[in-house]
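Asker: Based on what follows, work out the 3D shape:
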Amino acid sequence: MATQDNEPEQRVVAVVLIALITLIVGGVLGLGVFSARGNKPATAPAAAPAAVVISATDASVVVENGVVKFYFATGKADLAPGALVALAEAITAAKGGARLALSGFHDATGDPAFNAELAKQRAFAVRDALTGAGVAESSLELKKPEVTTGTGANAEARRVEVVIVR
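Answerer: Numbers count the residues shown, from 1 in each chain. Presented below is the predicted three-dimensional model:
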């Protein structure tokens, strides 16, 4: 009689064990298939990045090929909203021992001395955001402001770039 009372409990334990073994085997097989595809899940091809529109009146920030580019409104050194989000990878790298190079640029219009000073102030604004996020100032390298001349718009020239130096 005692063996008949334990029979339902044994069935429950057996079902739970079978379900657990099935889950483990399925997980291992799924991981093997995922790894065999180079850790790339089957997805639709990535869409091409949208064109970056840079305004002369608004600050913006863009990350392109690992380079964080801060664009500034004419005559201003105010950072765009989302600056720390855009700098997340650079902040992590700097805290891990990498150096960050900050380069200020300006356009060729107006007084060159004023533009160079404004480019420096913009680089200082980015530097201050990085140090405020816990990056040691010794991890930062400020490069001399550079004039950007070329076929691009003046709004594109008013920028600071942050590059991770490994």
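
Asker: A strand includes Lys76, no?
Answerer: No - Lys76: not assigned to a strand; according to DSSP: H, G, I helix; E, B strand; the rest coil it is coil.

Asker: Now the element after the lowest-mean-pLDDT helix or strand in the chain, going C-ward?
Answerer: Here the helix or strand of the chain ranked lowest by mean pLDDT, DSSP states H and E is helix 2-36, holding a mean of 64. As assigned by DSSP states H and E, the chain's next helix or strand after helix 2-36 is strand 60-64.

Asker: ok, then the element right after that next one?
Answerer: Later in the chain than strand 60-64, the nearest helix or strand by DSSP H and E is strand 67-71.

Asker: quick check: angle from that next one to strand 60-64?
Answerer: Relative orientation of strand 67-71 with respect to strand 60-64: 160 degrees, computed using axes from the mean of the first three to the mean of the last three CA atoms, to 10 degrees.

Asker: buried ones in strand 67-71?
Answerer: By neighbour count on 16 or more other CB atoms under 10 Å, the buried set for strand 67-71 is Val68, Lys69, Phe70, Tyr71. (C-beta placed from N, C-alpha, C; glycine too.)

Asker: Same question for stretch 74-88.
Answerer: Using 16+ other CB under 10 Å as the test for burial, stretch 74-88 gives Ala77, Leu79, Ala83, Ala86, Leu87.

Asker: Would you mind pulling the contact partners of it?
Answerer: Stretch 74-88 is contacted by residues 56-63, 68, 70-72, 91, 118, 121-122, 124-126, 129-130, 133, 155, 158, 162 when judged by CB atoms under 8 Å, 6 or more residues apart in numbering.

Asker: Now that stretch - C-alpha only, CSV.
Answerer: Coordinates of each C-alpha in stretch 74-88 appear next as CSV, following Å, rounded to 0.1, in the frame of the first residue of the first chain:
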residue,chain,number,x,y,z
THR,A,74,27.0,79.5,-34.5
GLY,A,75,29.0,81.3,-31.8
LYS,A,76,28.0,78.9,-29.1
ALA,A,77,29.9,76.2,-27.0
ASP,A,78,26.8,74.5,-25.5
LEU,A,79,26.7,70.7,-25.8
ALA,A,80,23.7,69.0,-27.4
PRO,A,81,21.3,67.0,-25.4
GLY,A,82,22.3,63.3,-25.2
ALA,A,83,26.1,64.1,-25.0
LEU,A,84,26.8,61.6,-22.2
VAL,A,85,24.8,58.9,-24.0
ALA,A,86,26.9,59.4,-27.1
LEU,A,87,30.1,59.4,-25.1
ALA,A,88,29.2,56.1,-23.2
